[in-house]
Each structure stands twice: as C-alpha cells, then as structure tokens.
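Colleague: Here is the input, now give the coordinates:
(one chain, ligands or ions: 3)
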Amino acid sequence: MAYQRVFAIVLDSVGIGEAPDAAAFDDVGPDTLGHVGEFYQGKLALPNLAKLGLGNIRADRPIAGVAPAVNALGAFGKMQEVSAGKDSMDGHWEMMGLPVKQPLSTFPEGFPKALIDKIAAFSGRDVIVNRPYSGTDVIHDYGEEQMRTGALIVYTSGDSVLQIAAHEDVISVAELYRICEYARSLVNGPEWTIGRIIARPYVGPDKDHFTRTANRHDFSLEPTGPTDLDRLNKAGLDVIGIGKINDIFSGHGITRGYHNESNMDGMDHVDEVMASDFHGFCFTNLVDFDAMYGHRRNPKGFGQALMDFDQRLGRVLANLKDDDLLLITADHGNDPGFRGTDHTREFVPLLAYSPAMAKPNQTLGIRSTFADLGATILDNFSVDGAANGTSFLAQLSTNTHEVTK
Ligand SMILES: O=P(O)(O)O[C@H]1O[C@H](CO)[C@@H](O)[C@H]1O
Ligand SMILES: [Mn+2]
Ligand SMILES: [Mn+2]
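Modeller: Numbers count the residues shown, from 1 in each chain. Ligands and ions are numbered 1, 2, ... in the order given. The predicted model follows:
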C-alpha cells in the first residue's frame, strides 16, 4: 500500500479552459482560471498552488500571475469530463467512477404545471417565479412578495436543479426541508429526473438586504450505482466527506461528514481531520468559488477566494505526513468572465502531492475522464472494482515504499 491517507480537495467550479466538447454546451471560449488571472493583471498570487505545478498544467497558455514552477513539487495535469452535464453532481459522481451518461432533466421554460401543482398542494402554498433565474437576483426581485404572501419561490438554472427559496422567518428551515424532500420524491424518474432539489433559505429585512444562509441544503438524486466511496467503505476504509460531499452522494459510502459554513470553515475541517488518526479517504468540496463568485460573475471575489485558499493550502502542505497524498481538482468551470450565470464546460486542473513523492515535477497529462481520480484512490488502497477510470498511482510512487500494482 502506498499512502495511508488520501485527501482530495475539489475547488468547486475552478476550471482550466474550454473542454473539447464545450461547443455542444454552447460554451465557446470559457476559461475560469485564465480569465480570473487576466482580471488581476498578474497580481493573482497563488504561491502554493504554483509551487505544486498549477502554472505547469498548460505552459503554452500561461495563467497571468501563475508562473510555471521550474521544479514543481507535485505531479500536474488536467482532466476532461465525459458526463452529459456540467453540474457538481455529474462532476463528483464521475470522479468516483460513476459518470452520468444520460442527460438529466433541465427546464429552460420552467417546470411543468403538473409538478408545480403537486408542490403547491403538498405545501399549501402558492408557487411563484418558476423559471431560470440567478438565486441572488430572484430574492431581490421576489423576496418581498414571498414574505408578504408566504409563497414558495421556485426557480432553476442551466443545470438539472429545482431550487426553492423562502425567508427563514416566513417558512421555517424545517418546513422548507420537508417541502424539498417531497419535491425530491417526485423527480427520481422516469418522467422527470432532476439532479438536485436545493433549499435556499434567506434572511434580511428588505430586498436590498436579503442574504442567503448556510442552511442551504441539497437533496440529490441517489447515486444510480455503486461509487468508489461505497467501494472504499465496503473495504473497511474511513471515508470522510467535508462540505457538499455528503449531499452529493446522499450519504452513500460516507462514514463521517462535516457541513461547511464557508471555504475557510471547510479548511478548518480539513485541518481538524488531518490532525486526527484515520486510514482512508477524505473528500472535501469548497463551494464558495462557485456559489459566491462564479455564478455571480465576480472575478475579483473569485480571485480573492483563490488567494485565501492558497494561504490555507500552505498550512496543509506543512502538515502533510510522508504517507499522506493530497489531490486538488475541480468539478466543472464557472468562468466569471463569461456571459450568463451558468457553469461552463471546461477541463479541470489536477495536482497531486506528497512529501514522499519520489519523482515530483511530472506531468499526468490530459486525463480522458474525471474517473481517473477515484481509480487512483482505489488502486492506492488495493480495492477492486474501479469503473470507467485509469489509475495514475504509478506516477505518484514514494521514496519510502514502492507502489506495487
Ligand atoms: O443562482 P444560484 O441560486 O446560486 O444557483 C446556482 O446554484 C446551483 C447549484 O450550484 C446552480 O445550478 C445555479 O443555479
Ligand atoms: Mn460544482
Ligand atoms: Mn454551481
């Protein structure tokens, strides 16, 4: 066995340039990291990510401010998504060996009346909006009406999501969750198959001061088959989820989960888990890049969040033990320089590092599916059943004990 503990951190929506199939998603030219770098005009300071090799991933098209390292400490590459969608669920399931091949239902014209009527009847409340909308704009534009009438704000996006927003003082979080659970029960196929129902509670006195709370909760479709998390769990390994991970996999295969209030809170959890004794896999999602800056098309905030993460990464690097492996990647793009407010079909970066890595500064190339990540983790723990992915563990072997496989 190579590594005792594997940590994967998903920087939600931190894409690294247009994927080959981007045109099929009507996404021509997105480049999340590239455009954030351009916005900062060389002042995007990501020293720790750069040290690992972030700037080496595409040396031909540098990310402004992120110079290629002469001797990168890590192994670096990028991964292409094969799933039909570009949402968090598709990305994370694919990383864990379960690409989403059948496109899930999306509703660019709003949800069908039959579905909305059921939600209204169950909740005893009216439904308003029912079309694609930005989640912060929708509470600005309809939040006061929602407070007055007690209606449910139902909206969607380019993703397979049904989101329900309600003021916490008007509809309790517990009631909102019950309504979302009911909605979940209606859309598990075959007629409608929706990736996520998302509860979007908000607070504040009036439209100029409404803010969404950390009581957001995602009710995901149950994984349609076993994932690498289940495989690791069955083999008796610890599987720890930090942030949205527990929601994305509906808890399947996860032995311990932490809810994040923010990226920094998520990194506190990473520190806490690193200081604990476990044997297995710790899977972290940091969602602020996506929810607070990508969908809001805010390159300044996006860059600042990257710099804040980079600083915390310094601590993680200092605390990593010789038999720990760190993997950093993303689940899709969300280019704050792109039109609209939706995710963007992009490659995602891949960085791998351990203090004991025998040959750093190696390229992992362009991986043809995110599933290579999970396949590598299974390979590390000698767990069988890797589906749809190819391990790159051999390139991450250590000085101290050879990776045999
Ligand atoms: O605009 P908000 O409510 O942040 O919604 C966004 O959040 C969803 C989940 O990431 C995306 O599908 C997009 O709709
Ligand atoms: Mn995501
Ligand atoms: Mn998103």
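Colleague: which SSE is P30 in?
Modeller: Applying DSSP states H and E as the criterion places P30 outside every helix and strand.
Colleague: list the contacts for it?
Modeller: Contacts for P30 (C-beta atoms under 8 Å, 6 or more residues apart in numbering) come out as G15, G17, E18, A22, G333, D335, F338, T344, R345, E346. No exception for glycine: its C-beta is placed from N, CA and C like everyone else's.
Colleague: same thing with S134?
Modeller: Shown in contact with S134 (C-beta under 8 Å, 6+ apart): H295, R296, T341.
Colleague: one step back: which two of the contacts of P30 have the greatest separation?
Modeller: Among the contacts of P30, the pair separated by the greatest distance (C-beta to C-beta) is G17 and F338, at 11.9 Å.
Colleague: Does L326 belong to a helix, a strand or coil?
Modeller: strand (DSSP: H, G, I helix; E, B strand; the rest coil).
Colleague: and the contacts of P30 as TSV, adding pLDDT?
Modeller: Formatted as TSV, the contacts of P30 follow (pLDDT from 0 to 100):
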residue	pLDDT
G15	98
G17	98
E18	98
A22	98
G333	98
D335	98
F338	98
T344	98
R345	98
E346	98
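Colleague: And whatever residue of the stretch 201-350 of the chain ends up closest to ligand 2, which helix or strand is it part of?
Modeller: Nearest residue of the stretch 201-350 of the chain to ligand 2 (C-beta to the ion) works out as D331 at 4.4 Å. If you go by DSSP H and E, D331 is not part of any helix or strand.
Colleague: That one: neighbour count?
Modeller: Here the number of neighbours of D331 (other C-beta atoms under 10 Å) works out to 30.
Colleague: Please apply the same query to S262.
Modeller: Neighbour count for S262, taken as other C-beta under 10 Å: 16.
Colleague: Need the per-residue pLDDT for the nearest residue to it once chain neighbours are set aside.
Modeller: Distances taken as C-beta to C-beta, 6 or more residues apart in numbering place D288 nearest to S262, at 6.0 Å, with adjacent residues excluded. Looking at D288, its pLDDT reads 98.
Colleague: Next: K405.
Modeller: Here the pLDDT value assigned to K405 is 44.
Colleague: circling back: got the contact list for the residue nearest to S262?
Modeller: D12, S262, N263, A305.
Colleague: ok, back up a step: show me which of the contacts of S134 is closest to ligand 1.
Modeller: Distances from ligand 1 to the contacts of S134, taken as C-beta to the nearest ligand atom, are shortest for H295 (4.4 Å).
Colleague: show me the contacts for the residue nearest to that closest one when sequence neighbours are not counted.
Modeller: Nearest residue to H295, sequence neighbours excluded (C-beta to C-beta, 6+ apart): T341, at 5.1 Å. By C-beta under 8 Å, 6+ apart, T341 lies in contact with S134, S157, H295, R296, R297.
Colleague: Helices of this structure, start to end?
Modeller: In the chain, the helices defined using DSSP state H lie at 32-39, 47-52, 88-95, 113-123, 135-149, 173-186, 228-234, 245-248, 263-275, 288, 299-319, 371-380.
Colleague: Between the ones you listed, which one is closest to ligand 1.
Modeller: Of all the helices of the chain, helix 135-149 sits nearest to ligand 1, with 1.9 Å by C-beta to the nearest ligand atom.
Colleague: Just give the number of residues close to N71.
Modeller: By the measure other C-beta under 10 Å, the count of residues near N71 is 9.
Colleague: that older thread, L49: which of the contacts of P30 is nearest?
Modeller: For those, the closest approach to L49 (C-beta to C-beta) belongs to G15, at 14.3 Å.
Colleague: how about the nearest residue to that closest one, chain neighbours excluded?
Modeller: Spatially, and ignoring its direct neighbours in sequence, G15 is nearest to G333 (2.4 Å; C-beta to C-beta, 6+ apart).
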